[in-house]
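S.K.: have a look at this fold, sequence not included:
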C-alpha cells in the first residue's frame, strides 16, 4: 500500500472532525507539543540528485516515497503568532542502478520556525511557517552484498510550509505541508498529519 493512501486516512478523519462542533475552545496562548507521521517526496529529477551526491551520473531510477516522522514543541504567544522547535526524520530516497547497485540517501533535520496563524473559529485555524533547519543526509552505496559509506551532506537551510489545525483543548490535530530546501539539487516535500497536546 502506498504511503499516500495511508496518509489519506488521517486527513479524512480530520475533515470529519472539522464538521463536528468543538467540545471546548482552545486557549489563546501557551505551550504545546506533538508528534506526526506522513510521507515525503523529492522535488528534483535524477540529474539534480546526481549533482547533490557528486556521483557524476544520472543513470538510475529514483524511489522517493517513504515515511516521515516528526516531533515538535511550540509556544503560542497569541492566537496569531507562535514559535516552534522541530525534529524530522524525512525517510530514505533510493537510487536504483543496474540491478546490482543502488544508493540510499537518509535525511534528518531539526530547527526552529516562526508560525503565523489565521483563526477561522475558536477551534479551527490556518497557519504558515518559515524557519531554518540543520540537516544531514547520510549517503550509503550498495553493490551486491557490499556496502560503503559515501560522502555525507549537511548544512543549514530554509524550511517553510503551511497547514490547518483543529484545537480541542487540550487536544490538537494538524495536517501540514513542508518544504525542506536542503540544496537547489535536493529539495524534500513533507506531508504529515500530527496529534498534539496543549498546556
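M.R.: Perfect, thanks for sending it. Keep in mind that this is a model prediction, so the values were computed, not measured.
S.K.: how about the strands in this structure?
M.R.: According to DSSP state E, the chain carries its strands in the segments 30-42, 61-63, 66-78, 81-96, 101-119, 124-143, 146-149, 153-168, 171-183, 186-198.
S.K.: nearest to residue 52, of those strands?
M.R.: Closest of those to residue 52 is strand 186-198, at 4.2 Å (criterion: C-beta to C-beta). (Each C-beta comes from the backbone N, C-alpha and C, glycine too.)
S.K.: between that closest one and strand 153-168, how big is the angle?
M.R.: 40 degrees (axes from the mean of the first three to the mean of the last three C-alpha atoms, to 10 degrees).
S.K.: against which helices or strands is strand 186-198 packed?
M.R.: Counting contacts by 3 or more C-beta pairs under 8 Å, 6 or more residues apart in numbering; DSSP states H and E, strand 186-198 packs against helix 3-18, strand 30-42, helix 46-52, strand 66-78, strand 81-96, strand 153-168, strand 171-183.
S.K.: which parts of the second one are buried?
M.R.: Meaning strand 30-42. Within strand 30-42, the residues scored as buried using 16 or more other C-beta atoms under 10 Å are 32, 34, 36, 37, 38, 39, 40, 41, 42.
S.K.: same check, this time on the last one
M.R.: If you call a residue buried by 16+ other C-beta under 10 Å, then strand 171-183 has these buried ones: 171, 172, 173, 174, 175, 176, 178, 180, 182, 183.
S.K.: check the fifth one too.
M.R.: Residues of strand 81-96 classed as buried under the neighbour-count rule (16+ other C-beta under 10 Å) are 82, 84, 86, 88, 89, 90, 91, 92, 93, 94, 95.
S.K.: which among these gets closest to residue 164?
M.R.: Looking across these and measuring by C-beta to C-beta, the closest to residue 164 is residue 82, at 14.5 Å.
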